[in-house]
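> build me a structure from this.
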Amino acid sequence: MNVLIVESRAELGALWKRHLERHGTIVTLVHSQDDAIERLGVDSFNIIILDLVLEGGSALAVADFASFRHPETRVIFVTNTSFFSDGSIFQHCANACAFLPSATAPADLAAMVEHYATPPESRRRNTN
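The predicted structure is shown next:
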């Protein structure tokens, strides 16, 4: 599994990265829109963990570019604000699959990554 984390706060991004790597995930951590777009131009990812409020750019621009470049890649949005707390992020971003608080426990975030990065067909096969 290949995951892109786009998080402005280096410590938080590093915490998530270490936790996911302990579960055998390949993780790329970037801190801005430009860095995320650059990585998406070179690599493909199963899932993106994307801070809704990036200090260096726009999370919606990253999600939009990912949707165009890699339509199968899903996005887990995280935030420490009340933006889109009404769930409207799912109307704005077709590739959004989850919307979580930034304070979500790393183990819970890893479980979400595993769930949403696995294609639905594989999840059905694995439960039988």
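
> CA only for contacts and neighbour counts going forward, please
Will do.

> neighbours around residue 68, how many?
12 (other Cα atoms under 10 Å).

> secondary structure element for it?
For residue 68, the element it lies in under DSSP states H and E is helix 59-69.

> hey, where'd the helices end up in the protein?
Along the chain, counting by DSSP state H, helices occupy 10-22, 33-42, 59-69, 89-92, 106-117, 120-127.

> out of these, deepest packed?
Neighbour counts (mean count of other Cα atoms under 10 Å) averaged over each of the helices of the chain peak at helix 59-69, with a mean of 19.

> mean confidence for that one?
If you average the pLDDT over helix 59-69, you get 94.

> would a markdown table of the helices of the chain with distance to residue 75 be doable?
Below are the helices of the chain laid out as a markdown table (distance: least, Cα to Cα, whole Å):
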| stretch | distance to residue 75 |
| --- | --- |
| helix 10-22 | 15 |
| helix 33-42 | 13 |
| helix 59-69 | 7 |
| helix 89-92 | 10 |
| helix 106-117 | 9 |
| helix 120-127 | 15 |
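
> fine, thanks again, bye for now.
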